[in-house]
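# Kindly return the folded structure for what I paste below:
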Amino acid sequence: MKKILVLCTGNSCRSQIAEGYLRHFARGRAEVYSAGVETHGVNPRAIAIMKEDGIDISGHTSNNVDEYRDIAFDFVITVCDNARERCPYFPTDAQKFHYNFPDPAKSVGSEEEIMAAFRAVREQIKEYSREFIEKNI
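Below you'll find the predicted structure:
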């Protein structure tokens, strides 16, 4: 079974959303993990917008990439430039992918505007995840 690691800065939004969608689209054909170069906890807004789309990430945890050093990943996906720049060397043959999604946690404005930003990023990650699984798993 293929192993996928999604990396972001704090493992709170983008990587959590991607983990949820990659698992959903893989339908048990891949093991999916997410981690950060830091840990910030899972963002409650990320949990809420995923629930709107029928995916429960409320049980996810925010993990540091060092926790997964001993796993031989097939794919490592960085979902922000900061994570790509700070991504530690993995002694594996993992294929590396990168897409710099906007950080919805940095959105400002009313709660409606912030949630709209989260939903927009969710849709981008959803499409990316669907295509990734179709092409690679």
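# Identify each buried residue in the lengthiest helix in the chain, please.
Counting by DSSP state H, the longest helix found in the chain is helix 111-136. Buried residues in helix 111-136, counted by 16 or more other Cβ atoms under 10 Å: 114-115, 117-119, 121-122, 124-126, 128-129, 132-133, 136. Using the backbone N, CA and C atoms, a C-beta is placed for each residue, glycine as well.
# Report the contact partners of the nearest residue to V79 once chain neighbours are set aside.
If the residues on either side of it in the chain are set aside, V79 comes closest to R14, at 4.4 Å by Cβ to Cβ, 6 or more residues apart in numbering. Applying Cβ atoms under 8 Å, 6 or more residues apart in numbering to R14 gives the contacts C8, V79, C80, F101, D103, P104, V121, I125.
# confidence score at the third one?
Read it as C80. Per-residue confidence (pLDDT) for C80: 82.
# do the same with the one 4 residues further on
Model confidence at R84, given as pLDDT, is 57.
# just checking, Q16 touches A48?
No - using Cβ atoms under 8 Å, Q16 is not in contact with A48, being 11.8 Å away.
# Find the residues that touch each one of those two.
Listed contacts common to Q16 and A48 are nil; contacts here mean Cβ under 8 Å, 6+ apart.
# Looking at those two, which one has more neighbours?
Counted by other Cβ atoms under 10 Å, Q16 and A48 do not tie: Q16 has more neighbours, with 27 against 14.
# could you point out which element follows the helix or strand where that one lies?
Here Q16, judged by DSSP states H and E, is contained in helix 14-26. Where DSSP H and E defines the elements, the next helix or strand beyond helix 14-26 is strand 30-36.
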